[in-house]
Each structure stands twice: as C-alpha cells, then as structure tokens.
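A.B. asks: Any chance you could fold what I've pasted below:
(one chain, ligands or ions: 3)
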Amino acid sequence: MKVDVLLGLQWGDEGKGKVVDVLTPRYDVITRFQGGPNAGHTLEFNNIKHVLHTIPSGIFRADKINIIGNGVVIDPCIFKKEIDSLLKLGFDLKKTLLISKKAHLILPTHRLLDAASEAAKGADKIGSTLKGIGPAYRDKIGRDGLRVGDILNNFEEKYKARVKQHTDLLSKYYHFDYKEALLDYEKAWFEGIETIKQFQLIDSETVINKLIDSGKSVIAEGAQGTMLDIDFGSYPFVTSSNTITAGACTGLGVAPNKIGKVYGIFKAYCTRVGSGPFPTELNDATGQKLRDVGHEFGSTTGRPRRCGWLDLVALKYAIMIDGVTELIMMKADVLDDFDYIKVCTKYKINGELTEDFPHELDGNEEPIYESLPGWNKALTGVTKENNFPVELSNYIKYIETKLHVPISIVSVGPNRSQTIER
Ligand code: GDP
Ligand code: IMO
Ligand code: MG
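C.D. replies: Ligands and ions are numbered 1, 2, ... in the order given. Below is the predicted model:
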C-alpha cells in the first residue's frame, strides 16, 4: 500500500483535524510528520469538541494505530496535558499511540528562547505561537537537539548541557530574565518526560515501512499549511518545518514512490493567524463577518484570525508544490449569507498582471477579483450534493476549472457528520 497525505494548502487551520477524523475509518495507521504543539486540530462529534496539538487526529477511532513521526517536535508538558484530557474522556492511548525515537524534544528553554526572540524582533515579530517550535528545529538542524530516544540513557546530563547553552544565550545575548519561568516550567516538563516513557518508543521509519509492505493503509496528517512552509511559504513569516508533501517523506522516513493520494484542504475563503503578508486580507466589515460567522479564533492561542477572500494564485502554487490529487473544500457554510463571493485570480504587481506566485510577498500585490453570486441559503442541514444550491455547485465548478483538480469533499459544518462526499 501507499501513504496518502492530507495537507493544508493555505495558512493553516483549514480543518485538517476534522477531515482526518472523517477519513480515519478507511486507514489502518494515522501519522503526524512535522510541526508540534503550534498545531491545533479540532474534532467535533457526539457532543465532544476536542483540540489536538501533538497527537494524530485518528485517535478517537477504535483499533487504529497512531504514530508521531520523526519529523515532529514534542513538548512533553503539552503532550502530558493532551494525554490526561483524553484519559478523562475515556481514551487510554497506551496501546494505540506510538512515538518515534527520532522525534525531537522541545525543551523548556526553547519556549523561553521563542519568547525572547519575538520580543527582540519587536514590530517585525513572526507572530509565533510561542511554543518553542523555531528554537527546537534550529537545534535539530544545528545538530544540538535532544531526541525522544535520548530519554532512555544519560538524559539528565544531556539535558543540563543543552539548557546551559540556552540560558547563556538568554542571559548574555537576549538579556532575558529566565530563572523564574524556567523553574516553573521544568517540573511539569519532567513529569511529561515520565508520561512519554510509558508509551512505545519506536523506530518509526522501520515500523511504518513494514506496515506499508504488509498491506496496511497509512494516512499522513499535515500540520500548519503550505503557505507557512519554511521553504515555500511567505518567508520569514512561516513555521520552521516543511509542511508540504515532501515533508511527509522526510518526517516519516517513507520514500517518494510510496506516496499515494494527496488530499489538499482549503477553506472556501482564506484566513491567517500571526504576522506576514496576506494579499486578500479584508480589514473591513466583510472580513469581520467572515471572522464572526466562521468563529475564526486560533485553536492553539485564541488569537483572532485575519480573514479574506479565496486566493487562487496562492492555492494554485500550493497545489503545484504538493502534487495535490484531490481537493477538499471546508467551511462552505460560512459563506451562506453573502450576496456575492469574490475570488482572487491574479495579482497586479508594479502594474503587471500575473497568475504566478511571486518569490516574495511584500504587500505590493493587488488582488484582482472575479465575483460569483452567493447562495443565500443555510448549508448546515444539507447532507447530499443533490441538495446543493445551484450557486454553490457553480462556485465548486468554477474553482475546479481554475485549478484543474477535482473537489472530492465539501464540508458544511464543524461536526463529523457535516461532510459531503461527491
Ligand atoms: P486545523 O488546524 O486545520 O485542524 O483546523 P482548526 O481546528 O484549527 O480550525 C478549523 C475550525 O473550523 C475548527 O474550529 C473546526 O471545528 C471548524 N470547522 C471545520 N470544518 C468546518 C466547516 O465545514 N464549517 C464550519 N463552520 N466550521 C468548520
Ligand atoms: P494548524 O496545524 C495556523 C503560524 C503562527 C505564526 C507562524 C509561526 O493548527 O493549522 P510558530 O509557532 O510555528 O513559530 O509560528 O505560523 N502557525 C499557525 N497558523 N495554524 C497552525 O497550525 C499554525 N502553526 C503555526 O501563527 O504566524
Ligand atoms: Mg489549527
């Protein structure tokens, strides 16, 4: 079997958690391959609303294996909180959740370095979730990281050496008063390490490849979105990992020829949380309406999300980078009450029209829109494509024609059940 990949195509929060949960019955194994607790993936079913940060979104379906891959960065403290809250709901994950020994650890000082770095950037800050993601990946690439497998021997010694490097940096370079915050966080962090030890720590690349060879089906759940990718996103306002399809290969240890379907998820409009360019952003009543109706507030930080119309220039670029084979359109219901819906098809840059995504977004991209009629009907109760208002069918057809990829699923509400396959 192959590994199917599911990714956000925009700036994150497209609804990945919901759709992975919906698709999980078709798969034996659900994996995360990059990112860490900067992610917040929301699932809703049977009156439960749950936000996952590190744990794959297959965890609520019985008899599935969930794997945290080598490309993920784990904060033991946040991981423990997630495990404890799932236990309260009656889900004991000890048998179904496996963790790669090669996944890197986010140290308490990584969080402090994230805070110090953002404070030092002032108005130019990235708008990080402040979960220590950048500093943890920086240490990984700089060959100074600590991995889950390190927990198993001489851990305290290795930990102290890393923390010494970090506290030197905090005090001497950033002049950051770290002592109290570090003491506060360390105790919970080491409790989290004890929780991690209770799980099966595995060579996930070998386990995953054996599962594939034995005919098991695997889905890889992306975090963040293609426009936040470290190479192809709106650098430097990006996250610190490869959020794209290729990231699933390096973040799980599966070869490119083992990748099967690539599901690309997008909202019927656009959102972004944190700083950085956003060509179709609406700083007006329409943007506010999208935020209010779509409840667009960050699942991890609670920050209001910036909102705007769908951007086909960026979406086409993401589809190219990711090799998307099927599109999934989320939150169509948020557009229920609009007389017209705008779609950006080109940018005007220095007087020139282009459909190609520029090497850098610098705020000088004027979005050029086409307008389509809205449906002005509630989609929430719609369960079949046959019942779609004609304007929604036309909106879908319009996007498919522009992007040359079929939309296989349309989501019309946050609940598992509000998902329509075409
Ligand atoms: P993720 O990070 O990609 O998993 O997305 P988030 O969970 O951060 O944000 C998506 C938000 O939209 C969550 O609050 C979901 O419950 C909600 N959601 C998902 N699909 C739909 C939908 O089709 N309609 C509406 N109204 N909300 C949705
Ligand atoms: P999910 O998986 C939306 C954004 C942050 C910030 C930038 C860098 O839920 O879609 P970081 O904490 O990685 O240093 O922040 O990336 N960001 C996200 N935005 N959804 C996410 O994850 C995000 N993870 C990070 O807001 O702009
Ligand atoms: Mg999210």
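A.B. asks: Name the residue of the chain with the shortest distance to ligand 2.
C.D. replies: G274 (2.1 Å; CB to the nearest ligand atom). Every residue, glycine included, has its C-beta placed from N, CA and C.
A.B. asks: quick one: contacts for the residue lying closest to that residue once chain neighbours are set aside?
C.D. replies: Of all residues not flanking G274 in the chain, G127 sits nearest, at 2.9 Å (CB to CB, 6 or more residues apart in numbering). When contacts are counted by CB atoms under 8 Å, 6 or more residues apart in numbering, G127 touches 237, 273-276.
A.B. asks: Switch the residues you listed over to a markdown table; also include secondary structure.
C.D. replies: Below are the contacts of G127 laid out as a markdown table (DSSP: H, G, I helix; E, B strand; the rest coil):
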| residue | secondary structure |
| --- | --- |
| F237 | coil |
| V273 | coil |
| G274 | coil |
| S275 | coil |
| G276 | coil |
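A.B. asks: How about the residues of the stretch 1-150 of the chain by ligand 2?
C.D. replies: Proximity of the stretch 1-150 of the chain to ligand 2, by CB under 6 Å from any ligand atom, involves residues 8, 11-13, 38-41, 126-129, 131, 133-134.
A.B. asks: And ligand 1, is stretch 401-416 touching that?
C.D. replies: Yes. Applying CB under 6 Å from any ligand atom, one finds stretch 401-416 touching ligand 1 at 411-414.
A.B. asks: hmm, which two among these are most spread apart?
C.D. replies: V412 and P414 (9.6 Å; CB to CB).
A.B. asks: which one of those two has more residues nearby?
C.D. replies: V412 (25 against 19; other CB atoms under 10 Å).
A.B. asks: State the helix or strand in which the closest residue to that one other than its chain neighbours lies.
C.D. replies: Counting by CB to CB, 6+ apart, V412 lies nearest to L379, which is 4.2 Å off, once chain neighbours are set aside. Here L379, judged by DSSP states H and E, is contained in no helix and no strand.
A.B. asks: Distance-wise, check L379 relative to Y317.
C.D. replies: 28 Å (CB to CB, to the nearest Å).
A.B. asks: just K49 next, same as before
C.D. replies: Taking CB to CB, one finds K49 at 33 Å from Y317.
A.B. asks: more crowded one of these two?
C.D. replies: Neighbours per residue, other CB under 10 Å: of K49 and Y317, the larger number sits with Y317, 19 against 10.
A.B. asks: Just the element for that one, please.
C.D. replies: In the assignment (DSSP H and E), Y317 maps to helix 312-322.
A.B. asks: and E391, what does it touch?
C.D. replies: Contact partners of E391, counting by CB under 8 Å, 6+ apart, are 372-376.
A.B. asks: Within range of ligand 2, give me the residues from the stretch 251-400 of the chain.
C.D. replies: Within the stretch 251-400 of the chain, the positions lying close to ligand 2 (CB under 6 Å from any ligand atom) are 273-274, 299.
A.B. asks: ok, back up a step: how about the residue nearest to G274, secondary structure?
C.D. replies: coil.
A.B. asks: hmm, back to that, just the residues of the stretch 1-150 of the chain next to ligand 2 that are near ligand 1?
C.D. replies: Counting by CB under 6 Å from any ligand atom, the subset of those that neighbours ligand 1 consists of 8, 12-13, 40-41.
A.B. asks: Which pair in those residues has the greatest spatial separation?
C.D. replies: Farthest pair in those, by CB to CB: G8 and G40, 12.0 Å.
A.B. asks: quick one, which of these two is more surrounded?
C.D. replies: Just comparing G8 and G40: by other CB under 10 Å the higher neighbour count belongs to G8, 26 against 19.
A.B. asks: Surely that one touches T239?
C.D. replies: No. Applying CB atoms under 8 Å, one finds G8 not in contact with T239, separated by 11.1 Å.
A.B. asks: overlap in contacts of these two?
C.D. replies: In contact with both G8 and T239: Q224, using CB under 8 Å, 6+ apart.
A.B. asks: need the residues of the stretch 151-300 of the chain near ligand 3, please.
C.D. replies: S299 (CB under 5 Å from the ion).
A.B. asks: The stretch 151-300 of the chain: helices as residue ranges?
C.D. replies: 155-168, 179-197, 204-213, 245-252, 285-293 (DSSP state H, counting those that start in this stretch).
A.B. asks: Let me have those in TSV, extended by mean neighbour count.
C.D. replies: Listed next are the helices of the stretch 151-300 of the chain as TSV, based on neighbours: other CB atoms under 10 Å:
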stretch	mean neighbour count
helix 155-168	14
helix 179-197	15
helix 204-213	18
helix 245-252	24
helix 285-293	16
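A.B. asks: would you turn these into JSON lines with mean pLDDT and distance to ligand 1?
C.D. replies: JSON lines is the format used below for the helices of the stretch 151-300 of the chain (pLDDT from 0 to 100; distance: least, CB to the nearest ligand atom, whole Å):
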{"stretch": "helix 155-168", "mean pLDDT": "96", "distance to ligand 1": "29"}
{"stretch": "helix 179-197", "mean pLDDT": "95", "distance to ligand 1": "22"}
{"stretch": "helix 204-213", "mean pLDDT": "98", "distance to ligand 1": "22"}
{"stretch": "helix 245-252", "mean pLDDT": "98", "distance to ligand 1": "15"}
{"stretch": "helix 285-293", "mean pLDDT": "98", "distance to ligand 1": "8"}
